[in-house]
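Undergrad: When you get a sec, could you give me coordinates for this:
(chains A and B)
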Amino acid sequence: MSAELIMALSPFLAVGGGALLLMLAEAFGAPAPAAGKAPDAGSGRSGELALGAAVILIGGALLSAASWAAGPSTTGEAAKVAPHLLLDNYTLFFCFTLCIGGAITALLAGGYQPEHRIDRGEFFPLLLLSTLGAMALAAAGDLLTLFVALETMSLGVYAMCGLRRGSVRAAEAALKYFLLGSFAAALMLFGFALLYGATGHMDLAGIGEAVKSIGAAESTVSAPMVIVGLVLTLVGLAFKVSAVPFHMWTPDAYEGAPTPTSTYMAIAVKSAAFAVMLRVLLTGFGDERLMSWGTGWPPAVALMAVLTMFVGNVVAGRQESVKRMLAYSSIAHAGYAMVGIVAAMRSEAAESSVLFYLLVYTVSTAGAFGALILCGSRGAEAVSYDDLAGLGKRHPAAALAFSLFILSLLGMPPTGGFFAKFYVFQSAMDAGLYPLVVIGVLNSALGAYYYLKVLVYMYFREPLPGAPVAVPMRSGMVGAALVLSAIMVLVLGISPGFSFEMALSAALPR
Amino acid sequence: MNMLGKVLEHYQLVASVIFVIGVVGFLARRNVLVQLMSIELMLNAVNLALVAFNRAHGEDMNGQVFAFFIIAVAAAEVAVGLAIILNFFRLRSTVDADAADSLKH
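TA: Purely as a prediction, here's the structure:
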């Protein structure tokens, strides 16, 4: 391997190698579990492992930035791994987002796990390997890599979901997520088989060329097979981004899983799935006919986007559990991002707005879940709105952090959430999709109801007399994760120009 | 070539039928283990389709290689899946999917 190739692959190598190192550290460094301990008690070394994982992932993010600065690696030595891994700016942008999301998750888990006595070290190697899968998914340029990366990512998350072995709710969450996730993957695979059968290509660019030739006199590509293949592939990806009507598993899985795992599912799994969805649609099916409103995929994606926004926002408003509310809110956010995907049929800026949206969404959602973790402690986990009552007076710092992320999810200036929504809706306007923009803005207003409810409970309500009170935990790591997210939310909100420029230069070539 | 096309059509038909049996099995049966088996059936249908299509696009071995990857990844998936199902069974003493109902609002 040449130095150029190693440089281009460095984010992957760092995260993958780091995962193996942590696995060794976990296996050989752990003291033998004492007899009579609870089955989930674990080795009690989450703190060190979390710190290691966070350092490795932040290293991965820095290496992504460094190889970005070194220039695009789509030519020369690094192109040798194409089409299996496409090491373009698009990939690097997502590697950065995913690594930051993973690092925040690692820090949150480092605080959460000892506090709730599920001090199990295997969480961290799993987290790193899943992140590696997510990064490879963003880089996937052919169907084989796409499948292997998707499964690498998912298998780790299934296990992270069921980490708390003694809890029925966690077992159920893992079961539902696993069954529906594998079902979706199998549907998608059949779609892949049809695409391969119709076009004779496994790489997205080759599929794109073959699809373009449909209708030409000498073309042997069967259009019905391509369409069925595209539909099945879209369904599989819609499951992963939890778009309505394929969202049924999301609230249950997010609610039952340990909160750091919910965070990870909401940010990294979703961002990576969006990355690959955009790439498949634009590279594999970026043909003029397939990208037009009348004869292509945009109406289907637009319909899913509208359903996703409405269902996410309406049902989120009816939840009593804040964690479940955040799960539905993540469904609603998938809808906003899909508006950007529809707009990407007409402009490159729309595609960049999706990239920027996902970056902001990652840090805001990680922060919101993190604040929820911070607000609870062992035996007094913050779950419902009532648990948050009066938090503004009792623990102003925790309440302030929560408010910041909630406002960002709502889309208020000066947080990043405002510009994320602004860019997506702006680009949809430029693409002439006025109805979608109106629906999107209307939905943001609907969302205000349940987001502001959190603020109302924290600042204007007192806990009911005699009710159990959520006691915020003390953890430097959770604090560090929140500070990192808060800085990013504010920087993206106050000067979004730089990151948006980055997103613009990360757009896929047309 | 015409002969090959005909044979390929048959393979495609068999693969689609197996796949649909898998989908229906997954959706209709409530036993989690049977659902897992249905997923395996779907994956095997995909393997069959891939290998058959590979015969048609003979110049590379992409389809067959993909089938091997699916077999390997499916094995890993089953390992994780059975662990999850076993854990569920330990806690609830049933493998009925309808018993997974403690997360509802």
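
Undergrad: OK, contacts around the residue nearest to residue A:247 when sequence neighbours are not counted?
TA: Spatially, and ignoring its direct neighbours in sequence, residue A:247 is nearest to residue A:331 (5.2 Å; C-beta to C-beta, 6 or more residues apart in numbering or on different chains). (Glycine included, C-beta is placed from N, CA and C.) With contacts defined as C-beta atoms under 8 Å, 6 or more residues apart in numbering or on different chains, the neighbours of residue A:331 are A:242-244, A:247, A:250-251, A:308, A:311-312, A:316.

Undergrad: so where do the helices sit in chain B?
TA: Listed in chain order, the helices of chain B (DSSP state H) span B:2-28, B:32-56, B:62-92.

Undergrad: These: lowest mean pLDDT?
TA: Lowest mean pLDDT within the helices of chain B: helix B:2-28, at a mean of 90.

Undergrad: Run through the neighbouring helices and strands of that one.
TA: helix A:168-199, helix B:32-56 (3 or more C-beta pairs under 8 Å, 6 or more residues apart in numbering or on different chains; DSSP states H and E).

Undergrad: buried residues in that helix?
TA: Neighbour counts using 16 or more other C-beta atoms under 10 Å in any protein chain shown place B:8, B:11-12, B:15-16, B:18-19, B:22-23, B:25-26 of helix B:2-28 among the buried residues.

Undergrad: what separates it from the chain centre, distance-wise?
TA: 12 Å (C-alpha atoms, centre = their mean, to the nearest Å).

Undergrad: Helix A:168-199 and that helix, what's the angle between them?
TA: On the basis of axes from the mean of the first three to the mean of the last three C-alpha atoms, to 10 degrees, helix B:2-28 is oriented at 160 degrees to helix A:168-199.

Undergrad: hmm, back to that, nearest to chain B, of the contacts of residue A:331?
TA: For the contacts of residue A:331, the minimum distance to chain B (C-beta to the nearest C-beta) is 7.7 Å, reached by residue A:251.

Undergrad: how close does that closest one sit to residue A:347?
TA: Here residue A:251 is placed at a distance of 34 Å from residue A:347 (C-beta to C-beta, to the nearest Å).

Undergrad: Tell me which of the two has more neighbours.
TA: Between residue A:251 and residue A:347, residue A:251 has the larger neighbour count (other C-beta atoms under 10 Å in any protein chain shown), namely 28 against 16.

Undergrad: Secondary structure element holding that one?
TA: Assigned by DSSP states H and E, residue A:251 falls within helix A:249-256.

Undergrad: What are the contacting residues of that helix?
TA: Counting by C-beta under 8 Å, 6+ apart, A:161, A:167, A:169-174, A:176-177, A:180-181, A:239, A:242, A:262, A:265-266, A:315, A:321, A:323-324, A:326-328, A:330-331, B:103-105 sit against helix A:249-256.

Undergrad: Residue A:459: which of the helices and strands packed on helix B:2-28 is closest?
TA: helix A:168-199 (30.1 Å; C-beta to C-beta).

Undergrad: Any idea how far the closest one is from the middle of the chain?
TA: 18 Å.

Undergrad: Ok, stretch A:418-438 next?
TA: On C-alpha atoms, centre = their mean, the centre of stretch A:418-438 falls 21 Å from the chain's centre.

Undergrad: tell me the mean pLDDT for that stretch?
TA: 95.

Undergrad: contact partners of that stretch?
TA: A:302, A:305-306, A:336-337, A:339-340, A:342-343, A:345-347, A:349-350, A:352-354, A:356-357, A:359-361, A:408, A:411-413, A:440-441, A:444, A:492-493, A:496, A:500.

Undergrad: Check whether the residue of chain A most remote from its centre sits in a helix, strand or coil.
TA: Each residue of chain A has a distance to the centre, and by C-alpha atoms, centre = their mean the biggest one is for residue A:217: 42.9 Å. When classified by DSSP: H, G, I helix; E, B strand; the rest coil, residue A:217 comes out as coil.

Undergrad: ok, it to residue A:332 distance?
TA: Residue A:217 is 47 Å from residue A:332, by C-beta to C-beta.

Undergrad: Can you show me the CA trace of stretch A:361-381 as CSV?
TA: What follows is stretch A:361-381 as a C-alpha-only set of coordinates in CSV (Å, rounded to 0.1, in the frame of the first residue of the first chain):
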residue,chain,number,x,y,z
TYR,A,361,-29.2,16.7,13.5
THR,A,362,-26.4,14.5,14.7
VAL,A,363,-25.1,16.9,17.3
SER,A,364,-28.5,18.2,18.4
THR,A,365,-30.0,14.8,18.9
ALA,A,366,-26.9,13.5,20.6
GLY,A,367,-27.2,16.5,22.9
ALA,A,368,-30.9,16.0,23.6
PHE,A,369,-30.5,12.3,24.5
GLY,A,370,-27.3,13.2,26.5
ALA,A,371,-29.2,15.8,28.5
LEU,A,372,-31.9,13.2,29.2
ILE,A,373,-29.2,10.9,30.5
LEU,A,374,-27.7,13.7,32.6
CYS,A,375,-31.1,14.4,34.2
GLY,A,376,-31.4,10.9,35.7
SER,A,377,-29.4,8.8,38.0
ARG,A,378,-29.6,5.2,39.3
GLY,A,379,-33.1,4.4,40.4
ALA,A,380,-34.3,7.8,39.3
GLU,A,381,-34.0,7.8,35.6
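
Undergrad: rewinding a little: buried subset of the contacts of stretch A:418-438 as a ChimeraX selection?
TA: Buried members of these can be picked out in ChimeraX with the line below, counting by 16+ other C-beta under 10 Å:
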select /A:302,305,306,336,337,339,340,342,343,345,346,347,349,350,352,353,354,356,357,359,360,361,408,411,412,440,444,492,493,496,500
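
Undergrad: Sort out for me which of the contacts of stretch A:418-438 are in helices.
TA: Those of the contacts of stretch A:418-438 lying in helices (DSSP H): A:302, A:305-306, A:336-337, A:339-340, A:342-343, A:349-350, A:352-354, A:356-357, A:359-361, A:408, A:440-441, A:444, A:492-493, A:500.

Undergrad: give me every residue that touches residue A:205.
TA: Counted by C-beta under 8 Å, 6+ apart, residue A:205 has contacts A:83, A:141, A:283.

Undergrad: Likewise for residue A:377?
TA: So, once contact is read as C-beta under 8 Å, 6+ apart, residue A:377 ends up touching A:115, A:470-473.

Undergrad: Throw the residues you listed into a markdown table and include pLDDT and distance to residue B:68, thanks.
TA: Converted to a markdown table, the contacts of residue A:377 look like this (pLDDT from 0 to 100; distance: C-beta to C-beta, whole Å):
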| residue | pLDDT | distance to residue B:68 |
| --- | --- | --- |
| A:115 | 88 | 44 |
| A:470 | 73 | 51 |
| A:471 | 77 | 53 |
| A:472 | 81 | 51 |
| A:473 | 84 | 48 |
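
Undergrad: So of those residues, which two are at opposite extremes in space?
TA: A:115 and A:470 (12.6 Å).

Undergrad: Which one's more surrounded, the two?
TA: residue A:470 (25 against 20).

Undergrad: burial of the nearest residue to residue A:177 once chain neighbours are set aside, as a residue count?
TA: Closest residue in space to residue A:177, ignoring its immediate chain neighbours: residue A:253 at 4.1 Å, by C-beta to C-beta, 6+ apart. Residues contacting residue A:253 under the criterion other C-beta under 10 Å number 28.

Undergrad: ok, now residue A:49?
TA: When neighbours are counted by other C-beta under 10 Å, residue A:49 comes out with 28.

Undergrad: ok, now which ones touch it?
TA: A:22, A:25-26, A:110, A:121, A:123-124.
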